[in-house]
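**Q** Fold the following, please.
(chains A, B and C)
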Amino acid sequence: MKEHSGTDRHSGTTPVLEIDGLDVRLPEGRAGRPILDGVSLRVGAGESVGLVGESGSGKSVACRSVLGLLPGGARTTGEVRVAGRDVLSMNRTELAALRARRVSMVFQDPRASVNPLRRVGDFLTEGLRAVGTPPAVATARALELLEAVGIRDPKGALRRRPHEFSGGMLQRVVIAAALASEPELIVADEPTTALDVTTQAEIIRILTRLRAERGTGMLFVTHDLELAAAVCDRVYVMYAGRIVETRGTDELFDRPRHPYTAGLLGCTPSIEPGAPAPRPIPGRPVSLAETPPGCAFAARCAHAVPRCSQEKPVLARHGDGLAACHRADEGIML
Amino acid sequence: MTRYLVGRLLGLVAVLFVTSLVVFGAIHLAPGDPVTFLLHGRPATPEAVAALRTQYHLDDPLAVQYAKWLGGVLTGDFGTSAQFHQDVADLIASRLPGTALLVGYAALLVALIGVGSGILAALRPGPLDRTVLIGTGVATATPSFVTAIALVSLFSVQLGWFPGPGGTPVGLSQQLYHLTLPAFALALTFAGLLARVTRSAMLDELGREHVEVARARGVAGRTVVRRHVLRNALGPVVTVGGTMLAGLLISTSIVETAFDVPGLGSLLVSSVTAQDFSVVQAITLLSVAAFVLVNLLVDLLAPLIDPRLSLHGEGSS
Amino acid sequence: MTTTTSTVPYRRPGLRRLRVLGQGPLFTVSVAVLVALVLVAALAPVLAPYDPEALDLSSSLVGTSADHLLGTDQSGRDVLSRLLYGARTGLLGPLLVVAVSTLLGTLIGVVAAWRGGWADTVLSRSMDMVFAIPGLLLAILLVTVVGSGMTAPVIAMAVAYTPYVGRLVRGIARQEKARPYIEAYRVQGWSGWTVCLRHLLPNIAPTVFAQSAMNFGYALMDLAALSFLGFGVQPPTADWGAMINEGQSAVQQGAMLPALAPSACIVLAVVAFGIVGEGLADRIAKRER
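**A** Numbers count the residues shown, from 1 in each chain, chains lettered A, B, ... in the order given. The predicted model follows:
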C-alpha cells in the first residue's frame, strides 16, 4: 500500500495525524459558537493519544473529521492531515481510499456499527473488497484477524450473523475489521462505553496489544480520563470545542495545569484508603447556543478571576505540555 | 419454526372455515324463502324450483346442507351459474387469465413506481422529496375508479394514445396494450402507499449508525445505499407490498368494471347484479383464500429477509 | 450516561419523516375544506340552483355556462346541484360507518385490554378473522342477498372497519392500563368501570379520534366505490360515486365534467380527511413527548 502515494516517504518523521487549527461551524442560526474552535492535535506514528472530554465537548466531531465525516452543512477552516495530506480538501475517490486503507474507525456501540442483516464475514471483508482486494485474500485476512482478536472458530464466525454474538464479541469483530486494512491510524470513539464492565477490560487489552504489535497509531476518544491514562501515551483534554490542556499521561495525572482537567480527576472515585471523596464539577457543560466571551469553563471554575470571563486564554506551554488557562502558572492545588 | 408454521396454517384454516360459514349462511340472510331469492324473478316453474332445491340441498337440515356444499367446494364443484348456465368452476377458469394478467401488470407497476419514487425521495431531500410526498398523498387518496376516469379522459379521449373501455384484443401484446390504462388505474393508489412506506423505511435505515460506519470504511456511496440501506429497508417494503397484492386482487372488480375487462372482478360485479349466487359465493371464497395465502407467504418470507426474526420462532406480529 | 454527542451522524434525515403534510397551512386549509363540506351538505337545498333530480333531456351534456356553472349530465341534470346534494350521501354513509366502527371497536378494544386472559384471546382472534375478509368483498356478498342501496354497504364497512379501531384501542389501552395512575385508582378502591370511563377513555380518545378522521376518508372512498359499481346509493339520488358511474359514457363522448367534477370532490375530501387525521395524530404524539 505504501507505493500508493508519495507522501509516505516521510512516514518516519511525518506524524500520521496532524490537526491544525480546525474550526467547524454549523450554518448560521443552528449554533451560537463553533463546534470546534481552533483544535490542533497530532498523533505520531505508532503513538497512542487520548482525546478526553464531556459529552458535547466536540471530541466526536473532531475524531470524525479525521475521516472527512462532518456534520451536514458544516463549514470548516484549518487542516486535518493524515500522513501529510489534507483530508478536508480531498475529493470523493481520495476520501474513499483514505477511509479504506489509512484510517480505520471503531465506534461506540458494536450492535449499531454492524449491519444486522449481513453476515459477519461480509462486514469484515467489505472494506477490503471496496478497494479491490480479491475476495479470497480478504477472507484469509479476516480469518487471521478473528484469530488475533480471540474469536473461537473463526471459520464458523464468518458465516454467522451479528445477533448471534455478544456485545463484547461483536466489538472484537469490529476491531478485527478496523485492523483488516493495515491502517496507519485507528480512531476509537468510546469503544467500550456500550459494553459491560467485565468485557471493557478485555476489549482494551486486545486493542492496545494489537495496536502495539502492528505499530498502528491510535486516537482514543473517551470521557473517562482514567481509561485514557491506561491506554495512551499522551492526552488532549477538550472543553466546549477547544483543547484546554495536553501533556504526557504521567504529568497530566501528577500535575494538571487546567482546573477542568483537575476537576475531571477530582470527580473520579477511588477505592484507595484515605482517598478524598469524589467531587463533581459544579454546573453543566456549555451548550452550542451559548457564546461566553472569555474562558468557556469560567462559570464552573472555582479559581476563576474577573479576567477569565473577559479574555479567552490561549494554549501556552506550561511544564512539558500545553494548557489554556490564565492561572496555569500559579500552581493550582487539587 | 415448525410450530409457528403449524399455528399459522391452523389460523388460515380457521379463517377459511369462518368465511365459508359466512358465504354459505349469507343465502339464509336474504329476506323470504331462499328459493324466491335464488330464482331472482325467473319463472318459478316446478322444474326450476326442484332443480334449485337440489343444487343448494335445501331439503336437508342446515348442517347437512353446509356439509354437502362444502364437500362440493372442496372438490371444485361450485355449482352452476344461473346467469350463464355454465359450470361455475369452468366460468372462473375462463375468466382467471384476464384478471391474472391485469393484476400482474399492475403489481409490476406498483413495484416499479412505488419503490422507485420512494427511493428517489429518500435519497434526494428537497424539492424532489416534497414533490413525491405531495404526489403520493394525492395518489393514496384517489380511488381506482377516479383514476380510471381521469386516465380515460386524458389518454384515450383527448390524446388517443390508448384504447378506451371495451374491445376484444387478440394476442399478448395487444392485450397488454389494452390493459395499460386499467393497470395504471389499479396501480396508482397502491404505488403511492408503497412509495411512502419505501421512503420512510429508507430514511430510517439511512440514519442508522452502521450506514455511517460503512461510509467511514471507504465503501462507495452507491454500494452503501444498495448493500446496507436498500437491503435493510426491504423488510417493510416486501411486507406491505405483499399485502398490497391481496388488495390489488380485490380492487380488480372496480377497475375491470370501469374498463369492461372480461375478468373475475367484472364477473363478480355482474353476478351480484344478476344475483347469480353460486358465482358470488365461489369468487368471494377464492378471493379470501388468495388474500390469506398471500399474507401467509409474506410472513414466511419475512425471516428470509431479516434473519433476526427466525430466532424468535415467529415471523411478524 | 449521555451519548448524544458521540453519535453525531453527518446526516440525520430520519427526523424529517412524513410530517411535512400534517402541519402548518395545509392542516388549516384541510380543516376549512371539511367545514365547507359539512356546510354544503347541510345547506344543499339552499345553495343548489336546480333540483338535482330534475330531468331535462333537451339540455343533455351542456357545457359550462352561466345557467349551468358545471354543465349538465347526460339526462340534462345540473351537475353543480348534484355535486352539492351528493355531499349529503357522501358524508352520511362514512359518518355511520365511522360512528358504528369506532363505538364497537373501542368497546371491544377496551374490554380486551382491560379483562385480558381468555376474553382478550377470543376478542383478538375474532378481530383477526374479520380482518382477513376484505371489506369490499363483505359488502358485495351482503349486497347480493340484501340488495343494492346504502344499508348493505354501510353495515359491511362498519363491520370491516371495526377491527382496525379495535386493534388500535386494544394496543393503547394496554399501554395506558400499565401506567401507575390506573393502579393508584384501583388501590383506592375505584371500580374497574369507573376508572375505564373516567380516566382510561378520555386518555385514549384523542388517538381514536385522529384514527377516525382517517377512517372517514377511507370509508368515503370505499362507499363511493360501491356506489360506482351500482351497489350503493341508487339513481336518481345524487351521489358522487354514482355520478361517476353515470358520467362514464359521457367521458367517451368528450364531456368530462359530469364524471370529473365528482371525482375531484372525492379526492379533495379524502385528502383533507387524511391530512387532518395525520395532523391530529402528530399533535397527540408531540404532546405526549
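**Q** How about the contacts made by C:Asp67?
**A** For C:Asp67, no residue meets the contact criterion (C-beta atoms under 8 Å, 6 or more residues apart in numbering or on different chains). Every residue, glycine included, has its C-beta placed from N, CA and C.
**Q** pLDDT value on it, please?
**A** C:Asp67 carries a pLDDT score of 76 in this model.
**Q** same question, C:Ala255
**A** 80.
**Q** Neighbours of the residue lying closest to it once chain neighbours are set aside, how many?
**A** Distance criterion C-beta to C-beta, 6 or more residues apart in numbering or on different chains; nearest residue to C:Ala255, sequence neighbours excluded, is C:Leu61 at 4.6 Å. C:Leu61 has 18 neighbours, counted by other C-beta atoms under 10 Å in any protein chain shown.
**Q** Helix, strand or coil: sort out C:Leu61 for me.
**A** coil (DSSP: H, G, I helix; E, B strand; the rest coil).
**Q** That one and C:Asp73 touch, don't they?
**A** Yes - the pair C:Leu61 / C:Asp73 is scored as a contact, 7.0 Å apart, by C-beta atoms under 8 Å.
**Q** Quick check: neighbours shared by these two?
**A** Going by C-beta under 8 Å, 6+ apart, residues that sit against C:Leu61 and also against C:Asp73 are C:250, C:258.
**Q** Who are the contact partners of the residue sitting nearest the centre point of chain A?
**A** With distances taken as C-alpha atoms, centre = their mean, A:Val221 lies nearest the centre of chain A, 3.0 Å away. By C-beta under 8 Å, 6+ apart, A:Val221 lies in contact with A:50-52, A:59-60, A:62-63, A:187-190, C:6.
**Q** what's the closest of those to B:Thr131?
**A** Nearest to B:Thr131, judged by C-beta to C-beta, of those is A:Ser60 at 35.0 Å.
**Q** And the pLDDT at that closest one?
**A** 88.
**Q** which element is it on?
**A** In the assignment (DSSP states H and E), A:Ser60 maps to helix A:59-65.
**Q** Against which helices or strands is that helix packed?
**A** strand A:17-25, strand A:36-43, strand A:48-52, strand A:185-189, strand A:217-222 (3 or more C-beta pairs under 8 Å, 6 or more residues apart in numbering or on different chains; DSSP states H and E).
**Q** so where's chain C shaky on pLDDT?
**A** For chain C, applying pLDDT under 70 flags the ranges C:1-23, C:288-289.
**Q** any idea which residue sits dead centre in it?
**A** C:Phe216 (0.9 Å).
**Q** wait, doesn't that residue sit right on C:Val98?
**A** Yes - if you go by C-beta under 8 Å, C:Phe216 and C:Val98 touch, sitting 5.0 Å apart.
**Q** re earlier: ok, now which ones touch the residue nearest to C:Ala255?
**A** Going by C-beta under 8 Å, 6+ apart, the list of residues near C:Leu61 reads C:71-74, C:76, C:250, C:253, C:255, C:258.
**Q** Turn the residues you listed into JSON lines, columns for distance to A:Arg118, neighbour count and secondary structure.
**A** Output for those, formatted as JSON lines (distance: C-beta to C-beta, whole Å; neighbours: other C-beta atoms under 10 Å in any protein chain shown; DSSP: H, G, I helix; E, B strand; the rest coil):
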{"residue": "C:Gly71", "distance to A:Arg118": "61", "neighbour count": "21", "secondary structure": "coil"}
{"residue": "C:Thr72", "distance to A:Arg118": "64", "neighbour count": "27", "secondary structure": "strand"}
{"residue": "C:Asp73", "distance to A:Arg118": "60", "neighbour count": "24", "secondary structure": "coil"}
{"residue": "C:Gln74", "distance to A:Arg118": "61", "neighbour count": "16", "secondary structure": "coil"}
{"residue": "C:Gly76", "distance to A:Arg118": "67", "neighbour count": "17", "secondary structure": "coil"}
{"residue": "C:Ala250", "distance to A:Arg118": "57", "neighbour count": "21", "secondary structure": "helix"}
{"residue": "C:Gln253", "distance to A:Arg118": "59", "neighbour count": "10", "secondary structure": "coil"}
{"residue": "C:Ala255", "distance to A:Arg118": "58", "neighbour count": "23", "secondary structure": "coil"}
{"residue": "C:Pro258", "distance to A:Arg118": "56", "neighbour count": "26", "secondary structure": "helix"}
